[in-house]
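Colleague: coordinates for the following, if possible.
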Amino acid sequence: MKIILDTNFLMIPGTLKIDVFTQIKEEIPDPKLYVVDESVNELIKISQDKRQKQKHREAAKLALQFINKFNIRVVSSKTTSFKNVDELILKIAKRGGFAVATQDQAFKRILKENNVQILILRQKKHVKLI
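Modeller: Sure thing, here's the model as predicted:
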C-alpha cells in the first residue's frame, strides 16, 4: 500500500515519542511511504523558526532525519496546482491511489468525503487504517 505522510504525522515521533514507522509496518504489510515536497519544506521552516517552541523545532528536525533514514520517497508538487499542502496531498492521493497518514481532524473529514483511506494514531498508542 502506498501511503503519503503529512507534516503533523511525521512530527509524532518527536512530539509524542512514538515510533509510527514500526507501527505502520505492523498495521500494513509492505508499506510504501511517501511525503510531498511541500511537507518537507514545511518541516524545514518549522525546524528553523525561532518563534516555534523548541519541542516542535526538534520534532521537525527529527522528522527530516527519518525521511532520510527510512528512505521515504518525496513526491514533487511541480505538476499540480494547489492552494495549500492538504489540497496537494488530496489531489495526489486521489490520482495515485494513496492512503494518507494524518492527525488533522478537518483534513480527515475531507479525505473521508473523497473516499481516501486514512492512517491515524489511535489513543496516542497505535497506528490504525480507517
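Colleague: drop to CA atoms for contacts and neighbour counts, all remaining ones
Modeller: OK.
Colleague: confirm that residue 121 sits in a strand.
Modeller: Yes - counting by DSSP: H, G, I helix; E, B strand; the rest coil, residue 121 is found in a strand.
Colleague: so what pairs up with it in the strands?
Modeller: On the basis of DSSP bridges, residue 121 is bridged to residue 127.
Colleague: quick check: it vs residue 47, distance?
Modeller: For residue 121, the distance to residue 47 equals 23 Å [Cα to Cα, to the nearest Å].
Colleague: for residue 20, same thing?
Modeller: 20 Å.
Colleague: could you do residue 117 as well?
Modeller: When distance is defined by Cα to Cα, residue 117 is 29 Å away from residue 47.
Colleague: please say which of these two ends up with more neighbours.
Modeller: Under the criterion of other Cα atoms under 10 Å, the comparison of residue 117 against residue 47 puts residue 47 first, with 22 against 18.
Colleague: where exactly do the helices run in the chain?
Modeller: For the chain, the helices defined by DSSP state H occupy 7-10, 12-16, 20-27, 37-48, 54-69, 85-96, 105-113.
Colleague: pass me the low-pLDDT residue ranges in this protein, would you?
Modeller: The model of the chain has pLDDT under 70 over residues 79-81.
Colleague: I figured residue 90 hits residue 112, correct?
Modeller: No - with contact taken as Cα atoms under 8 Å, residue 90 and residue 112 are classed as non-touching, separated by 10.5 Å.
Colleague: looking at those two, which is more packed in?
Modeller: When neighbours are counted by other Cα under 10 Å, residue 90 and residue 112 differ, and residue 90 comes out ahead with 21 against 12.
Colleague: so residue 94 makes contact with residue 112?
Modeller: No - counting by Cα under 8 Å, residue 94 stays clear of residue 112, with 11.5 Å between them.
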